[in-house]
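Student: need the 3D shape of this:
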Amino acid sequence: MAKKILRWLITLVGAVAGYGVGILIKGALAIDFAKPLYEILFYAFFVGVFAIIFYSLFGVFVKQTKNIADVIEHDIRKLSSVDLFLGIIGLIVGLLLSYLIVLLIDRLNFIPYISGALSILTYLLIVSISVTVFTRRKEDFLNTFRVLRPRREEERPLLAETESGGVPKFVDTSVIIDGRFLDVMNTGFVEGMIYIPSFVLEELQHIADSDDPLKRQRGRRGLDILNRMKKTYPNRIVILTAKKARDAQVDIALLDITEAHHGVVVTNDYNLNKVADVRNIEVLNINDLSQALKPVVLPGETMTIDISQMGKEQGQGVGYLNDGTMIVVENGKKHIGKTKDVVVTSVLQTSAGRMIFARLKD
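Tutor: Prediction:
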């Protein structure tokens, strides 16, 4: 029933359109009918033709309308609430600007057809530019809004610490799982407040719930270490409530919140470190700290090591320092399993780490 009513409504629209076309043709050709009947038949012809056309094309019209509606709905679903809001603001601004420009065009007294075409073109051009600017420059508008809006409750500790001279530190998932950051905190070299954004905690929980046994083990280790950090430093470890965009990566969201609070990122992630450098965000990398704290070994120094295995070359033995540095001992193969004094002959620094070459002291 509803379909039939809609079909006849479309037919009525076609009839009205045909009547309008008849008026346009009559005015353009300056037709003067000798009798009123001829004029009625003239209009009836166009009304009937367009009514039949619209009636016949009803199915195509409905199908195309549905397709267009599906495309629009699909595109709208992909938009975030922020994009939609800024798009509406851009539409309103574009309409206001277009209205002012069209008023100016009307004052220039162009030919009516030219004036109408310019008005339509102005609306299309200005509105499209305005909507595009507002949606493409989303980050700039959001940053301006963050500066102007009042401080929220969860931001006050960070801002208060920044004003007092401290630097807030935002911890990455990799650092929590690694565990060495807690050891560094225990030494007293790390000052200030430590913040774990809620989306980092969610990622850690997601890893702990993974189907992969290795990932699950890493995630659970990270949660255990985080609990130890909270118990050891209850006044310094803060779980910060923070939201990220639905399609945003955790690393990018972490950099955004760190930049917003003028803080420092604590991470072991090489790629995150590089992106932070590009964005001029300060990074504390535990791996870099570990490399910097390795003891300096010079040729001629004597040390005591356990020779634990054979080397690659004939007669070589291999041992390790407490930090994992490999020591290759010349003629040390026959002393495997023994503790010997050795003399450093050379030190080789590679991209994979440091290697020390030595010989037996005796």
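
Student: measure stretch 261-270 end to end?
Tutor: Using Cα to Cα, to the nearest Å, the end-to-end distance of stretch 261-270 comes to 22 Å.

Student: oh, that last question was meant for stretch 323-337, not what I typed.
Tutor: End to end - Cα to Cα - stretch 323-337 spans 19 Å.

Student: pull out the buried positions in that stretch.
Tutor: For stretch 323-337, a neighbour-count test (16 or more other Cβ atoms under 10 Å) marks Thr325, Met326, Ile327, Val328, Val329, Glu330, Gly332, Lys333, His335, Ile336 as buried. C-beta here means a position set from N, CA and C on the backbone, and glycine is covered the same way.

Student: stretch 121-129 too?
Tutor: Thr122, Tyr123, Ile126, Val127.

Student: one step back: and the two most separated of the buried residues of stretch 323-337?
Tutor: Thr325 and Lys333 (19.7 Å; Cβ to Cβ).

Student: nearest residue to Tyr233 other than its sequence neighbours?
Tutor: For Tyr233, ignoring the flanking residues on the chain, the nearest one in space by Cβ to Cβ, 6 or more residues apart in numbering is Met185 at 6.6 Å.

Student: now the helix or strand containing the one you found, how far from the chain's geometric center?
Tutor: Assigned by DSSP states H and E, Met185 belongs to helix 180-187. Averaging C-alpha positions (Cα atoms, centre = their mean, to the nearest Å) puts helix 180-187 31 Å from its chain's average.

Student: what element comes up after it heading to the C-terminus?
Tutor: With DSSP H and E, the next secondary element past helix 180-187 is strand 194-197.

Student: helices along the chain, start to end?
Tutor: Ranges of helices in the chain, per DSSP state H, are 2-29, 36-56, 58-78, 81-107, 112-136, 138-148, 156-163, 173-178, 180-187, 198-208, 213-232, 250-260, 270-278, 286-292.

Student: buried residues of the second one, list them for me.
Tutor: Of the residues in helix 36-56, those buried under the neighbour-count criterion (16+ other Cβ under 10 Å) are Tyr43, Phe46, Val47, Phe50, Ala51, Phe54.

Student: same thing with the longest one?
Tutor: Neighbour-count burial for helix 2-29, counted by 16+ other Cβ under 10 Å, picks out Arg7, Ile10, Thr11, Gly14, Ala15, Ala17, Gly18, Gly22, Lys26.

Student: who are the packing partners of it?
Tutor: Judged by 3 or more Cβ pairs under 8 Å, 6 or more residues apart in numbering; DSSP states H and E, helix 2-29 is in contact with helix 36-56, helix 58-78.

Student: do the same with the last one
Tutor: Helices and strands touching helix 286-292, as assessed by 3+ Cβ pairs under 8 Å, 6+ apart, comprise helix 180-187.

Student: then the fourth one?
Tutor: Based on contacts counted as 3+ Cβ pairs under 8 Å, 6+ apart, the elements that helix 81-107 packs against are helix 112-136, helix 138-148.

Student: angle of that helix against helix 112-136?
Tutor: Between helix 81-107 and helix 112-136, the angle comes out at 160 degrees (axes from the mean of the first three to the mean of the last three Cα atoms, to 10 degrees).

Student: tell me the mean pLDDT for helix 81-107?
Tutor: Averaging pLDDT along helix 81-107 yields 80.

Student: circling back: could I get the buried residues of stretch 121-129 as a markdown table with distance to Asp277?
Tutor: Output for the buried residues of stretch 121-129, formatted as a markdown table (distance: Cβ to Cβ, whole Å):
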| residue | distance to Asp277 |
| --- | --- |
| Thr122 | 46 |
| Tyr123 | 46 |
| Ile126 | 40 |
| Val127 | 40 |
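
Student: which one of those residues is nearest Arg218?
Tutor: Val127 (51.2 Å).

Student: go through the chain and flag its longest strand.
Tutor: strand 339-350 (DSSP state E).

Student: could you check how far the spatially most central residue of the chain is from Thr65?
Tutor: Centrality entry for the chain: nearest residue to the mean C-alpha point is Ala248, 3.3 Å, by Cα atoms, centre = their mean. Remark: distance between Ala248 and Thr65 (Cβ to Cβ, to the nearest Å) = 35 Å.

Student: what of Gly22?
Tutor: Gly22 is 26 Å from Thr65, by Cβ to Cβ.

Student: repeat that for Asp212.
Tutor: 48 Å.

Student: hmm, who's touching stretch 326-335?
Tutor: 303, 305, 307, 310-311, 314-321, 340, 342, 345, 353, 355-360 (Cβ atoms under 8 Å, 6 or more residues apart in numbering).

Student: mind redoing it with 10 Å?
Tutor: Residues from elsewhere that reach stretch 326-335, judged by Cβ atoms under 10 Å, 6 or more residues apart in numbering: 297, 303, 305-307, 309-321, 336, 338, 340, 342-346, 348, 352-360.

Student: from the chain's centre, how far out does that stretch sit?
Tutor: 51 Å.

Student: sketch out the low-pLDDT regions of the stretch 101-250 of the chain for me.
Tutor: 108-115, 137-166, 246 (pLDDT under 70).

Student: try 90
Tutor: Where the stretch 101-250 of the chain drops to pLDDT under 90, the residues are 101-169, 173-193, 197-216, 218-219, 222, 226, 229-230, 232-250.
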